[in-house]
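Q: Predicted structure and sequence below. I'll ask about it afterward.
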Amino acid sequence: MPTEVSLISKYSDLEGKVALVTGGSRGIGAATCMALARNGAKVAVNGRDEAAIDAVVASIKAQGGTAFAAPADCADLAAVQAMQRKVADALGAPELLLPFAGGGSSKPMPFCDISEQDWRSSLDQNLTSTFFVLKTFLPAMLARGSGAIVTMASAGGRVAAGAPADYGAAKAGIIMLTRHLAAETGASGIRVNCISPSAIMTERTAARIPPERQQQMRAAFPLGRLGQAEDVAAAALFLLSSASAWITGATLDVAGGRVMS
């Protein structure tokens, strides 16, 4: 039976750096916040549910780490700008930026059933929110002349299967946005990469997918298991660290072999 637990490597160069994780209150984002804190980073935890944010912050502090609650709706530019000021005052300008906030339905849906509201919501929650965070936090990185950014796509933005077209288009847009930014900011000492996960068993997805369906899904992945939030967190930390110093503009499929490119 393939192992079900991913071990997070230690990256000493992350120690003392300020990181912002949007969508950090649950699932992949929360696991990444915890992993960053275990590597000595000072973590600003963003989300919209303040109780969930506080739980992640409390867990980090209980383990001796440094964390700051940074609630905001990342699809609201003014809210992101206000958050930027609060994070800078509390921890300093982030050197590590992880715009992971996203949402919308990833359930299959016929193209003609996608409503205008579905379309706009998917773009706002995923692509627009990523753009707003990058636009707001990038200037300080450019002024410093260094930084690492990891964006969040999805297998739904890599292959035309499973996810509805609105969600897939938004996630594919994040991949291209990442490439554009990497090409533009590389000479300024900033690396920008993207993670594209598939079938990650967060608490939410595990509760939504019956065990028998999970078993069927496992058979479709060459590695023989479904992903965990820690798998994605491990990939994010690698892309943030100096271990990936010669990588920028890349999309890393954390997909158990289901997506190969």
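A: Alright, I've got the coordinates. Here the structure is a predicted model, which means the values were calculated and not measured. Residues are numbered from 1 along each chain as shown.
Q: Which stretches in the stretch 1-150 of the chain count as strands?
A: 18-22, 42-47, 66-71, 96-99, 147-152 (DSSP state E, counting those that start in this stretch).
Q: Which neighbours in the sheet does the first one have, and how are they oriented?
A: I take that to be strand 18-22. With DSSP bridges as the test, strand 18-22 is paired with strand 42-47 (parallel), strand 96-99 (parallel).
Q: Repeat that for the last one.
A: Sheet neighbours of strand 147-152, with direction, are listed as strand 96-99 (parallel), strand 190-197 (parallel) (DSSP bridges).
Q: wait, which of these is closest to Leu240?
A: Nearest to Leu240, of all the strands paired with strand 147-152, is strand 96-99, at 5.2 Å by Cβ to Cβ. For every residue, glycine as well, the C-beta is placed using N, CA and C.
Q: CA atoms of that closest one as PDB?
A: Written as PDB, here are the backbone C-alpha positions of strand 96-99 (Å, rounded to 0.1, in the frame of the first residue of the first chain):
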ATOM      1  CA  LEU A  96       7.100  34.900   0.400                       C
ATOM      2  CA  LEU A  97       3.800  35.300  -1.200                       C
ATOM      3  CA  LEU A  98       1.300  32.400  -1.700                       C
ATOM      4  CA  PRO A  99      -2.000  33.600  -3.200                       C
END
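Q: Could you pull out the buried residues of that strand?
A: Neighbour counts over strand 96-99 (16 or more other Cβ atoms under 10 Å) mark Leu96, Leu97, Leu98, Pro99 as buried.
Q: Identify, from the residues you listed, the entry nearest to Ala219.
A: Using Cβ to Cβ, the buried residues of strand 96-99 come closest to Ala219 at Leu98, 31.6 Å.
Q: what's the burial count for the nearest residue to that closest one once chain neighbours are set aside?
A: Distance criterion Cβ to Cβ, 6 or more residues apart in numbering; nearest residue to Leu98, sequence neighbours excluded, is Val21 at 4.5 Å. Residues lying near Val21 (other Cβ atoms under 10 Å) number 35.
Q: Could you do Asp49 as well?
A: When neighbours are counted by other Cβ under 10 Å, Asp49 comes out with 11.
Q: and what of Ala75?
A: 22.
Q: same check, this time on Asp76
A: Neighbour tally, Asp76, other Cβ under 10 Å: 15.
Q: How many neighbouring residues does the closest residue to it other than its chain neighbours have?
A: Spatially, and ignoring its direct neighbours in sequence, Asp76 is nearest to Phe132 (7.7 Å; Cβ to Cβ, 6+ apart). Residues lying near Phe132 (other Cβ under 10 Å) number 24.
Q: dump the residue contacts of Phe132.
A: Cys74, Ala75, Asp76, Leu77, Val80 (Cβ atoms under 8 Å, 6 or more residues apart in numbering).
Q: Distance of the residue nearest to the first one when sequence neighbours are not counted relative to Arg158?
A: Counting by Cβ to Cβ, 6+ apart, Cys74 lies nearest to Ser129, which is 3.8 Å off, once chain neighbours are set aside. Relative to Arg158, Ser129 is positioned 20 Å away (Cβ to Cβ, to the nearest Å).
Q: who's more crowded, those two?
A: Comparing Ser129 with Arg158 by other Cβ under 10 Å, the one with more neighbours is Ser129, at 27 against 22.
Q: Would you mind confirming that that one makes contact with Gly102?
A: Yes - applying Cβ atoms under 8 Å, one finds Ser129 in contact with Gly102, separated by 7.0 Å.
Q: Now do the same contact list for the residue nearest to Cys74.
A: So Ser129 contacts Thr22, Cys74, Ala75, Pro99, Ala101, Gly102 (Cβ under 8 Å, 6+ apart).
Q: mind running it again at 10 Å?
A: 22-23, 72-77, 80, 99-103, 123, 170, 174 (Cβ atoms under 10 Å, 6 or more residues apart in numbering).
Q: and the residues you listed, which are buried?
A: Of those, these count as buried by 16+ other Cβ under 10 Å: 22-23, 72-75, 77, 80, 99-103, 123, 170, 174.
Q: coming back round to it: which neighbours do Ser129 and Gly102 share?
A: Thr22, Gly23, Cys74, Ala75, Ala170, Ile174.
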